[in-house]
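A.B. asks: have a look at this fold, sequence not included:
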């Protein structure tokens, strides 16, 4: 007998992973097609504005998505009030960014950023209206409609962006892509949610959720500042073209990973929140989540690291060859951050907002130090520093969590070591195979490296520990594919 919660989690993960697989394909298509039409300068301009947009998004959400999902009980009136708070934040931020657009252009010396900033300010309004509609679907584990919405928004936005780029609009194609995504998501969650918010009412207090959200805002602000320090340093020290190279290498690895990890949070957070009082069950879910994330994404990312040169040539074209070493560094960082990502879920599920804030301050300072030191060695030095940071932050994360809440630290360390070991072996095998056929087409190098990497990964199954991991993952996959009636 499989528990209803376990089945809901597995089915939710199934729809989420399927949707994100489709979105990753669309993202790769976007990179392949648009990178051949647009220039590094175009991407560099957008990257600068997205730093500001990302900062505003933290305030726009105000941590209320996580607060509403994590809350043990949420009344209809509280949900209505949270909607109006997020909508109000969206309106205010739209006005603020529009007003600051001229300052952004003046400070950066890029007059093109004025118009880009003004149009992208509308994303705050659109996303603010969508926030609680989306959170309500996540809270109820209605992840199939969310999956459809995410795929449809990415596909429609990409199609429109390609058409605009072909028409010769340059960086405006990237602006249109951002706005169309937000518009389609808003329409989708409103239709799927079938919920019309009522007026704000003081009779339904939300102070506790706002307080929890505020700690997340502070945490996310610090984390965001540390995440953007590399973009800011490269922009001011090296210019938009190096920033475009860095940004495309980053997008090839970190964006697909984020597109999978963040939506999976919509499955993990409500599930972990519900079982947090059952410690053995909670620990089983946490360790299984780490294995699932680590093996499913660590091995492919490691193979990409070993085949960085042919991957960049295929995905971006020959003029982007300088991005290959940076791609390799981002792949290493991607594996390490994925292994440690479950720690963030534990903070949210346990409601440890204040503790998460303190931990984030420490690791943010650590990242700033790494990036600043790396910047003295050029743009590649920044990418190396980006990879070094999670290697230092991961053990700090486990130690920090273990001091404030029960954690299966030994199992997590052992699981992570197994993930890293097999990923390293797969990456080295892919790199070696690529070298053997060097001088041939990039596609042949990619095929040879892929076969070698997967073959070495399969060989790990001779080790009993890896066979147990495979059994755990296969059981979860079977649960994802089992319909409700057969699971109960």
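C.D. replies: Received the coordinates, thanks. Here the structure is a predicted model, which is why all the values come from computation and not from measurement.
A.B. asks: and residue 418, what does it touch?
C.D. replies: By Cβ atoms under 8 Å, 6 or more residues apart in numbering, residue 418 lies in contact with 465-466, 469. Where C-beta positions appear, they are placed from N, C-alpha and C, glycine not excepted.
A.B. asks: now name the helix or strand holding the nearest residue to residue 171 once chain neighbours are set aside.
C.D. replies: Taking Cβ to Cβ, 6 or more residues apart in numbering, and ignoring the residues beside it in sequence, residue 171 has residue 42 as its nearest neighbour in space, at 4.0 Å. Here residue 42 is covered by helix 40-61, with elements defined by DSSP states H and E.
A.B. asks: one more: residue 419?
C.D. replies: When elements are assigned from DSSP H and E, residue 419 belongs to helix 409-436.
A.B. asks: buried sites along that helix?
C.D. replies: Neighbour counts over helix 409-436 (16 or more other Cβ atoms under 10 Å) mark 411-412, 415-416, 418-420, 422-431, 433-434 as buried.
A.B. asks: same deal with stretch 84-95?
C.D. replies: 84-87, 89-90, 92-94.
A.B. asks: dump these to a markdown table, plus pLDDT and distance to residue 103.
C.D. replies: Putting those into a markdown table (pLDDT from 0 to 100; distance: Cβ to Cβ, whole Å) gives the following:
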| residue | pLDDT | distance to residue 103 |
| --- | --- | --- |
| 84 | 90 | 29 |
| 85 | 87 | 27 |
| 86 | 86 | 26 |
| 87 | 89 | 26 |
| 89 | 88 | 21 |
| 90 | 90 | 21 |
| 92 | 91 | 17 |
| 93 | 92 | 15 |
| 94 | 94 | 16 |
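A.B. asks: measure the residue nearest to residue 171 to residue 64 for me?
C.D. replies: Distance, residue 42 to residue 64, by Cβ to Cβ, to the nearest Å: 34 Å.
A.B. asks: between the two, who's got more neighbours?
C.D. replies: Shown here are residue 42 and residue 64; by other Cβ atoms under 10 Å, residue 64 has more neighbours (26 against 22).
A.B. asks: do you know how far the more buried one is from residue 217?
C.D. replies: 9 Å.
A.B. asks: could you do residue 111 as well?
C.D. replies: Remark: distance between residue 111 and residue 217 (Cβ to Cβ) = 32 Å.
A.B. asks: the two: who's more crowded?
C.D. replies: More crowded of residue 111 and residue 217, by other Cβ under 10 Å: residue 217, with 18 against 10.
A.B. asks: in the chain, which residue is closest to the centre?
C.D. replies: In the chain, the centroid-proximal residue (Cα atoms, centre = their mean) is residue 258; its distance is 1.8 Å.
A.B. asks: run through the residues that contact that one.
C.D. replies: Counting by Cβ under 8 Å, 6+ apart, residue 258 touches no other residue.
A.B. asks: could you name the specific helix or strand carrying it?
C.D. replies: Per DSSP H and E, residue 258 falls inside helix 240-274.
A.B. asks: and residue 205, by the same measure?
C.D. replies: Element membership for residue 205, per DSSP H and E: none, as it lies in no helix or strand.
A.B. asks: and it, its phi and psi?
C.D. replies: Backbone torsions for residue 205, taken as degrees, to the nearest 10, come to phi -70, psi 140.
A.B. asks: quick check, pLDDT for it.
C.D. replies: pLDDT, residue 205: 76.
A.B. asks: name the nearest residue to it, sequence neighbours excluded.
C.D. replies: What sits nearest to residue 205 in space, not counting adjacent residues and going by Cβ to Cβ, 6+ apart, is residue 78, at 7.5 Å.
A.B. asks: okay, how far is it across stretch 157-176, tip to tip?
C.D. replies: 8 Å (Cα to Cα, to the nearest Å).
A.B. asks: let's test this: mean pLDDT of it, rounded?
C.D. replies: Averaging pLDDT along stretch 157-176 yields 90.
A.B. asks: also stretch 381-393?
C.D. replies: Computed over stretch 381-393, the mean pLDDT rounds to 89.
A.B. asks: stretch 290-310 now?
C.D. replies: Per-residue pLDDT over stretch 290-310 has a mean of 87.
A.B. asks: got a pLDDT number for residue 138?
C.D. replies: Residue 138 carries a pLDDT value of 76.
A.B. asks: likewise the one 4 residues further on?
C.D. replies: The confidence metric pLDDT takes the value 72 at residue 142.
A.B. asks: for the one 5 residues further on, same thing?
C.D. replies: On pLDDT, residue 147 comes in at 79.
A.B. asks: what do you get for residue 2?
C.D. replies: Note for residue 2: predicted pLDDT of 44.
A.B. asks: distance of the residue nearest to residue 171 relative to residue 51?
C.D. replies: Residue 42 is 16 Å from residue 51, by Cβ to Cβ.
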